[in-house]
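**Q** Sequence and computational prediction follow.
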Amino acid sequence: MISINPTAAFMVDGDIATIMLDSPPVNALSAEVRAGLKRGVELASDVQGVKAVVLICAGRTFIAGADISEFGKPPTAPLLPSVLDAIENLGKPVIAAVHGSALGGGFEVALAAHYRIAAPSAKFGLPEIKLGLIPGAGGTQRLPRLIGAQKALELILSGDPVGAPEAKEWGILDELAEEGSLHESAKAFARKLIDRGAPPRRLRDVSEKIDAARGKPEIFETIRKAYARKFRGFEAWERAIASVKNAVDLPFDEGIAREREMFESLKAGNQSKAQRYVFFSERQAAKIPDIGGAEPGRSIGSVGVIGAGTMGGGIAMNFLNAGIPVTIVDASSDALGRGLQTIRRNYENSARKGRLTFADVEARMSRLTAALDYSAFSDQDLIVEAAFEDMALKKDIFARLDVIAKPGAILATNTSYLDVDQIAAATKRPEDVVGLHFFSPANVMRLLEIVRAAKTSKTVVATAMQLALRIGKIGVVVGVCHGFVGNRMLAARQREAMKLIVEGAMPWDVDRVLVDFGFPMGPFAMSDLAGLDIGWSRSTSTRSTIREILCEEGRRGQKTGAGYYDYDEARNARPSMFVEEVVREFSKNKGVAPRAISDEEILERCIFPMINEGAKILDEGKALRASDIDVVWINGYGWPVYRGGPMFYGASLGLENVVVRLETFQAVLGDDFKPSPLLARMARQGTSW
Ligand code: T1G
């Protein structure tokens, strides 16, 4: 065996050579790996007697793509395209042997090879779109030649992997190996190729699949229409369609050149910088400085959920999905029955869409037990309270849980705002109390705010983070304060949105500006969706806010066919003349003369106070890092990922510019806009978070 460099080795077994890459954790195509791979191909060419080459990786996966951490740095030769050219133009068959995930550049390496074999558990994907990119090393040119333009675009635009069995059906794979004997299977396959004199098979020479799309621009128009909504505001997706269309319309080398141009342009652009930042930020969030990765955490084999309502049901589903048995308790048998029905209905809907089998539905429902009192919780490893947002009620619940739950059980509250220290103080085991703040719908939204109270033990925090990963959530550790990170910053935005409509904007103006910025919905449409009457009661209502007035008028949101907007039977929203009159009357009674408010002012007044609040949160130590705050907003509130999150966005504008605007607003609108000490200091020093 020849060790080419620390990441690549070359060995020969008879007339079959193997290039083995070994660059933990995911064999990303760093400069060293690229150099090792290219040298291996040269050796395969030079060594006499070698008639076929297996390309395989050690460790847990095949190449998982270009090394994203290199993107911001000056490129180092050999660049990936030149390495792929060397593979593709080797005069001997190259067999890519894939296990784990061949993603991005990794898949492109496999496509530059002449044949492909994989373990049945392997996956293939081109996730570049999730980084604001398109495949930049031949993926948009070679893959269509293998599986056709339409299927290639589906893979490229989804960014999601396809499993080896399906990849075999599609023609991506020549063979499926025995699980666990990939190298042997690959060499046996190479033997067969040699014995039958099979030549190198370059995808650049294969055209029947793309011929079928030639002269049919409607194929690409249909795809463009199908994805326009999903990719509203994004840049890369239309370049991906154009590049695959080039594969159909242009000679290979020209298509490759155009692909590289578009890739480099996107890589240098703001959207990809933001999305690459988010990729690493989401992984950084799991790292808790004072709790090393070695903290074992506790084993969670059973979960109790208090409350069978929307949140409780959604929370329960997360654990059922992960194979963890759940006991759900509600004082009302009607509520319990409705909750179980809702869970079953959600699963059956997923099964009807093919996301689950009906057997899965039954398996998950069989893990669910319903009960009417807390005695059912005596043996649970974790109990999650999802009861009404009332501190007295929560304290009572936790005092009762303290008596019933076994020693070592973790007691978690799903509270959105309330003081977890106070809730913990209702028990004799505050070290076992933690906040697990799920976001509605709890079985869908990826974010989980892990509220670390003053006495929450490191073991419990570590367990919560491990559990987040296990149930497919992105856990972010936050500190105890009103609304923690997400809702505390949301309050700043809501406050400004409400002031803006008193001053002259209409709800639909504010919503339009924020939707144009990239949010899926604006604050007023969100309120209509959630219901204007959350926390409202007729007995205490005094028509002192526009929201109270609308609730008193029976306009409580989509569920009543009217809120800030009027809704038709299909719940399509349209601006309401009635609400416009209510708003105008309200302003008049407040002595405020409405004025025309620019979109820029609306945007800055909604976003900059969020950045300012984020700086306060950082300064108070209620978030571990600015990127955690961005992860919260992207995964909990739909902040457009191509803008990186509120803190990334503020830094990209220049914190000094944000402070100038805040001070301008402060002079007119008061101290809601007073720059936080941290923000002011960084702006003065020219530093950033
Ligand atoms: N580059 C650099 N580091 C990477 C990386 C990559 N491509 N992929 C993962 N890591 C790091 C990650 O930051 C973490 O580091 C560790 O590896 C484990 O990752 C030319 C231009 C492969 C499915 O987008 O999807 O190729 O936190 O925690 O959950 O056209 O990583 O331990 O220090 O996610 O088991 C395209 C991205 C790149 C794949 C494994 N490829 N990676 O998941 O582990 S662009 C991707 C993943 C490209 C070409 C274009 C996942 C995974 P740390 P992890 P995991």
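**A** Received the coordinates, thanks.

**Q** By mean pLDDT, flag the weakest helix or strand of this structure.
**A** Here the helix or strand of the chain ranked lowest by mean pLDDT, DSSP states H and E is helix 208-211, holding a mean of 92.

**Q** Mind listing what's buried along it?
**A** 209-210 (16 or more other CB atoms under 10 Å). Every residue, glycine included, has its C-beta placed from N, CA and C.

**Q** I'd like the average pLDDT over stretch 505-516.
**A** Across stretch 505-516, pLDDT averages out at 98.

**Q** again, but for stretch 611-619
**A** Averaging pLDDT along stretch 611-619 gives 98.

**Q** Contacts for the least confident helix or strand of the chain, please.
**A** Residues outside helix 208-211 that contact it (CB atoms under 8 Å, 6 or more residues apart in numbering): 144-149, 247-248.

**Q** Let's see that with 6 Å instead.
**A** Here helix 208-211 makes contact (CB atoms under 6 Å, 6 or more residues apart in numbering) with 144-145, 148, 247-248.

**Q** Mind checking which of those land in helices?
**A** Among these, the members falling in helices (DSSP state H) are 144-145, 247-248.

**Q** export those residues to JSON lines and tack on pLDDT?
**A** As requested, the ones in helices among the contacts of helix 208-211 are arranged in JSON lines below (pLDDT from 0 to 100):
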{"residue": "144", "pLDDT": "97"}
{"residue": "145", "pLDDT": "97"}
{"residue": "247", "pLDDT": "97"}
{"residue": "248", "pLDDT": "97"}
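
**Q** who wins for neighbours among these?
**A** residue 144 (29 neighbours; other CB atoms under 10 Å).

**Q** Might one say that it is in contact with residue 249?
**A** No. Assessed by CB atoms under 6 Å, residue 144 is found out of contact with residue 249, at 11.1 Å.

**Q** Could you check how far residue 316 is from the ligand?
**A** 25 Å (CB to the nearest ligand atom, to the nearest Å).

**Q** Then residue 286?
**A** Taking CB to the nearest ligand atom, one finds residue 286 at 8 Å from the ligand.

**Q** How about that residue, nearest residue that isn't a chain neighbour?
**A** residue 465 (5.8 Å; CB to CB, 6 or more residues apart in numbering).

**Q** what's the answer for residue 11, then?
**A** residue 1 (4.2 Å).

**Q** Neighbours of that neighbour, how many?
**A** Neighbours of residue 1 (other CB under 10 Å): 9.

**Q** With residue 184 instead?
**A** Residue 184 has 12 nearby residues by other CB under 10 Å.

**Q** and it, that one's in a helix?
**A** Yes. Per DSSP: H, G, I helix; E, B strand; the rest coil, residue 184 lies within a helix segment.

**Q** Next up, the contacts around it.
**A** Here residue 184 is in contact with no residue (CB under 6 Å, 6+ apart).

**Q** For the ligand, see how far away it is.
**A** Counting by CB to the nearest ligand atom, the gap from residue 184 to the ligand is 25 Å.

**Q** Please report how far that residue lies from residue 16.
**A** 11 Å (CB to CB, to the nearest Å).

**Q** do the same with residue 650
**A** Taking CB to CB, one finds residue 650 at 56 Å from residue 16.

**Q** And for residue 521?
**A** 58 Å.

**Q** the more surrounded of those two?
**A** Between residue 521 and residue 16, counted using other CB under 10 Å, residue 16 has the larger neighbour count: 25 against 16.

**Q** Now do that one, the pLDDT please.
**A** With respect to pLDDT, residue 16 has a value of 98.

**Q** And for residue 559?
**A** For residue 559, the predicted pLDDT is 89.

**Q** tell me the contacts of the closest residue to it other than its chain neighbours?
**A** Excluding the flanking residues, the one nearest residue 559 by CB to CB, 6+ apart is residue 531, at 6.0 Å. Applying CB under 6 Å, 6+ apart to residue 531 gives the contacts 556-557, 559.

**Q** Mind doing that once more with 10 Å?
**A** Counting by CB atoms under 10 Å, 6 or more residues apart in numbering, residue 531 touches 551, 556-560, 563.

**Q** Could you export the residues you listed as a markdown table, including neighbour count, secondary structure and distance to residue 415?
**A** A markdown table is the format used below for the contacts of residue 531 (neighbours: other CB atoms under 10 Å; DSSP: H, G, I helix; E, B strand; the rest coil; distance: CB to CB, whole Å):
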| residue | neighbour count | secondary structure | distance to residue 415 |
| --- | --- | --- | --- |
| 551 | 23 | helix | 23 |
| 556 | 21 | coil | 23 |
| 557 | 24 | strand | 23 |
| 558 | 18 | helix | 25 |
| 559 | 15 | helix | 24 |
| 560 | 17 | helix | 27 |
| 563 | 28 | coil | 25 |
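
**Q** With distance to residue 359 added, can I get these in JSON lines?
**A** Output for the contacts of residue 531, formatted as JSON lines (distance: CB to CB, whole Å):
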{"residue": "551", "distance to residue 359": "45"}
{"residue": "556", "distance to residue 359": "40"}
{"residue": "557", "distance to residue 359": "38"}
{"residue": "558", "distance to residue 359": "35"}
{"residue": "559", "distance to residue 359": "34"}
{"residue": "560", "distance to residue 359": "39"}
{"residue": "563", "distance to residue 359": "41"}
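
**Q** Would you tell me which one of those residues comes nearest to residue 65?
**A** Using CB to CB, residue 558 comes nearest to residue 65 of the contacts of residue 531, at 41.5 Å.

**Q** Against residue 345, how distant is the closest one?
**A** For residue 558, the distance to residue 345 - CB to CB - is 19 Å.

**Q** Below-threshold pLDDT in the stretch 151-300 of the chain: ranges please.
**A** Residues of the stretch 151-300 of the chain meeting the criterion pLDDT under 70: none.

**Q** Recalculate using a threshold of 80.
**A** Low-confidence segments of the stretch 151-300 of the chain (pLDDT under 80): 293.

**Q** residues touching the residue nearest to residue 11, list them.
**A** Listed by CB under 10 Å, 6+ apart, the contact set of residue 1 reads 9-12, 18, 20.

**Q** For the ligand, what's the nearest residue on the stretch 101-250 of the chain?
**A** residue 104 (2.5 Å; CB to the nearest ligand atom).

**Q** Perfect, I'm done here.
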